[in-house]
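J.: Just need the structure, nothing else, for what follows:
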Amino acid sequence: MVALFGVMNRFLQVRPSPPLPALRCALLVSLLALATVALVDATARSVGFVLRRRRQRLGLPMHQEAQQQQQQQQQQQQEIPSGVGGDSNLSFDRLGSLAYQSGVEAPLPPPRPEVAMQRGLSRRVRDLQCGRPRAVRLGALALITVTFATAYLCQVVAPGFVDPALVQLCMVFTVVGVALVQWLLLKHTLPRLLWPCAAGMLAGACMVIVPTVGRGAVAGIDGWQGWLGFGLSVLSMVSTVAYFVTLQASRRLGFTSLQLQYLFLSFSITLLLPLSLPIDGTDWAQQFETWSGGDWAALAATASVICVGANFAIQHATWQIGAPTLSMFFGLRIVATIAESKAILDAQR
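T.: Presented below is the predicted three-dimensional model:
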């Protein structure tokens, strides 16, 4: 989905007649994505309100406390011993009470394994929050918003100057960047194969990028526009590394994906609006008067489905499996981008 986001932004900036300028494309995608998030939020709230009213009419329990008490009673019933010598499903607390009554020393519970996250960034940020909770939360929100907005805008604008595959090729190095940040901040031992793998990735990237420099290749690095697109791709990679690490570090601060979506998109619109209007102009009617239904469908799908869906997926994946594991999937992006570019961009020529 993230790879498709880059391909569709390239489509919107080169295929419609007239094509969308880069800043206007980013602004429109952000506006429609924010409207989609607000619509989804309002729908979820309305459905929740209707369900609560229905439960009130039927006299069903409204609070989670009643459900928790019922679950505890079921667990206690399952823990009652059914035969001589006790059941294998007994908890250690139940065994301890039975042993105390019979005069036998209770068995000790097995030691808990060491959790790696105890030395992780999220634990450190949570401990830091105990002293200055408001400052830590505001700082985390500011870092997450700025890094995401930078990476997001670069991924929207860069495909207008270079091929989306080159953008995703730069994004492959995100896994190396995340590993280096983990090493610098947490003093984790890096795998020995990281350096030869990084060197091989760099050599492969050079084999792809260097032939397009100054050769007039289609969507290659030729002229100032090509170098601008390449620079935006590198900036997007660096911002993505910072975004992943900050998002993982703040996962215990209680942020929700919906809150972050509102912040991301609102900040992007605030940043893009004063840039797009003086550069691209305000004659939006002329921009869209010759657009076809397919062009409108591409814009709507890119903003409402691909953009919002990719953002939600990245946030939840980062919180669940961590930034290092998530960044390992960036290699699949370039493969998906090439396949989707062939299917969408080349088919429209």
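J.: where does Pro18 fall, phi/psi-wise?
T.: Pro18 adopts backbone torsions of phi -80, psi 150, taken as degrees, to the nearest 10.
J.: thought it was touching Asp295?
T.: No: using CB atoms under 8 Å, Pro18 makes no contact with Asp295, being 10.4 Å away. For every residue, glycine as well, the C-beta is placed using N, CA and C.
J.: More neighbours: which of those two?
T.: Asp295 (18 against 11; other CB atoms under 10 Å).
J.: Pull the number of nearby residues for Ala340.
T.: To be clear, residue 340 is Glu; Ala isn't right here. Neighbours of Glu340 (other CB under 10 Å): 20.
J.: And for Leu228?
T.: Neighbours of Leu228 (other CB under 10 Å): 17.
J.: what's near enough to touch it?
T.: Shown in contact with Leu228 (CB atoms under 8 Å, 6 or more residues apart in numbering): Phe161.
J.: run the last query once more with 10 Å
T.: 22, 157-158, 160-162, 221 (CB atoms under 10 Å, 6 or more residues apart in numbering).
J.: Give me the subset of these that lies in helices.
T.: Mapping those onto helices (DSSP state H) picks out 22, 157.
J.: So which of the contacts of Leu228 is the closest to Thr189?
T.: The closest of the contacts of Leu228 to Thr189 turns out to be Ala158 (CB to CB; 34.3 Å).
J.: Just give the nearest non-adjacent residue to that closest one, would you?
T.: Leu232 (4.0 Å; CB to CB, 6 or more residues apart in numbering).
J.: Let me know the secondary structure of the one you found.
T.: Assigned by DSSP: H, G, I helix; E, B strand; the rest coil, the conformation of Leu232 is helix.
J.: Test my guess that it contacts Phe161.
T.: Yes: Leu232 is in contact with Phe161 according to CB atoms under 10 Å; the separation is 7.3 Å.
J.: Now do the shared contacts for the two.
T.: 22, 167.
J.: Relative to Asp163, how far out is the residue nearest to Ala158?
T.: If you measure Leu232 against Asp163 using CB to CB, to the nearest Å, the figure is 13 Å.
J.: quick one on the thing from earlier: any idea how many residues pack against the residue nearest to Ala158?
T.: With other CB under 10 Å as criterion, Leu232 counts 24.
J.: Gly309 now?
T.: So Gly309, with other CB under 10 Å, has 16 neighbours.
J.: Could I get the pLDDT score of it?
T.: Here the pLDDT value assigned to Gly309 is 88.
J.: Wait, it touches Ser257, no?
T.: No: at 11.3 Å, Gly309 does not count as touching Ser257 under the criterion of CB under 10 Å.
J.: From Arg54, how far off is Asp21?
T.: Slight slip there: residue 21 is Pro, not Asp. For Pro21, the distance to Arg54 - CB to CB - is 49 Å.
J.: whoops, Pro164 was the one
T.: 47 Å.
J.: So for those two, which sits in the more crowded spot?
T.: The residue with more neighbours, out of Pro164 and Arg54, is Pro164; 31 against 10, by other CB under 10 Å.
J.: Pull the contacting residues for that one.
T.: 3-11, 155, 158, 219, 229, 233, 333-334, 337-338, 340-341, 344-345.
J.: so where do the helices sit in the stretch 51-200 of the chain?
T.: Taking DSSP state H, counting those that start in this stretch to define them, one finds helices in the stretch 51-200 of the chain at 64-78, 92-102, 121-131, 133-157, 164-171, 174-186, 194-209.
J.: and these, which one's lowest on average pLDDT?
T.: helix 92-102 (a mean of 48).
J.: Now for the protein, the helix or strand with the poorest mean pLDDT.
T.: Lowest by mean pLDDT, DSSP states H and E among the helices and strands of the chain is helix 92-102, with a mean of 48.
J.: Could you tell me the backbone phi and psi angles at Trp291?
T.: Taking degrees, to the nearest 10 as the convention, Trp291 sits at phi -70, psi 150.
J.: Thanks again, I'm all set now.
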